[in-house]
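**Student:** Make a model of this:
(one chain, ligands or ions: 1)
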Amino acid sequence: MKTKLLMLAISMTIGLHAQTTHDLIWERGFESPEADLTIDIGDTVRWTWTDEVPHTVESNTGSTETFSSPILTGLGQTYSYTFTVEGVNPYFCGIHGANNMSGVITVQEGLSIDEFEEVSVRLTPNPVHANLKIALPQNYTNGNLYIIDLTGKTVLTNTIENRESMIEVDVSSIKSGMYLIRFELDKNIITKRLIIQ
Ligand SMILES: [Cu+2]
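**Tutor:** Numbers count the residues shown, from 1 in each chain. Reported below is the predicted structural model:
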C-alpha cells in the first residue's frame, strides 16, 4: 500500500513536471526562428492572436502530429495543442501561408531537468497589480524583457543585468489587460502570458 502511494506520488510529480504551457504570439509575418520551440512530451503550446485578421494554426506536411485550429479572428484569441509524441512538427497559417507565418515545434522525450530549467521563467503573481517578481534561469549572460500588448506594441522594456536570478518589475503604470512578456536571454526566446490588473 505504501509502495503504491509512493509510486502514485512519483508519477504525479513527473506528470506535473511535464505539463508546461509555452506561449507564442500569432500574427502576420511571425516565422522561424521566433516561431520555433523545443518542448517536452506532454507540453502544451498556446498561440495568442496578436493582430486583427483571421488565422489558423495547422500542422504542415511531414508533421509528426496532426492538428488544426478553426479560423480565428481577433486580438487575444488563442489556440492550444498538447503534443504527446516525440517528433518534429512544422506548422503554418492556412490563410497567410507557410512563407509568411510558420514555425516548427520539436518534441523531445524527457528533456533533462537542467535543460528544462534553462528555459524556465516564473512570474509571480500572475495576474499582477504592481510588483511583478520574475525568477530567471541562472546560466545566461545578457537579457532583455519586453511587455507587449495584444496589438504588438511594446509598453515596457527592461535590460536584465548581472545574471540576476530574481528581478522585480513595477507594472503599475501599465493599464490592466492581457499582455505577452517576452524574454531574450542570450539566444533563448521565452514568451509568457501576463495579466495586469
Ligand atoms: Cu495568418
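**Student:** quick one, domains of the protein?
**Tutor:** 2-108, 114-196 (automatic domain parsing).
**Student:** Output the below-cut-off pLDDT ranges for the chain.
**Tutor:** Scanning the chain with the threshold set as pLDDT under 70 gives 1-18, 111-119, 162-163.
**Student:** Output the domains of the chain as JSON lines; include the columns distance to the ion.
**Tutor:** Yep, even glycine has a C-beta here, placed from its N, CA and C like the rest. JSON lines is the format used below for the domains of the chain (distance: least, Cβ to the ion, whole Å):
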{"stretch": "domain 2-108", "distance to the ion": "3"}
{"stretch": "domain 114-196", "distance to the ion": "14"}
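**Student:** In CSV: the ones you listed, plus mean neighbour count.
**Tutor:** Below are the domains of the chain laid out as CSV (neighbours: other Cβ atoms under 10 Å):
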stretch, mean neighbour count
domain 2-108, 16
domain 114-196, 15
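**Student:** could you pull out the helices for the chain?
**Tutor:** 2-18, 113-118 (DSSP state H).
**Student:** mind listing what the nearest residue to Val169 once chain neighbours are set aside touches?
**Tutor:** For Val169, ignoring the flanking residues on the chain, the nearest one in space by Cβ to Cβ, 6 or more residues apart in numbering is Leu132 at 4.8 Å. Leu132 makes contact with 123-126, 168-171, 194, according to Cβ atoms under 8 Å, 6 or more residues apart in numbering.
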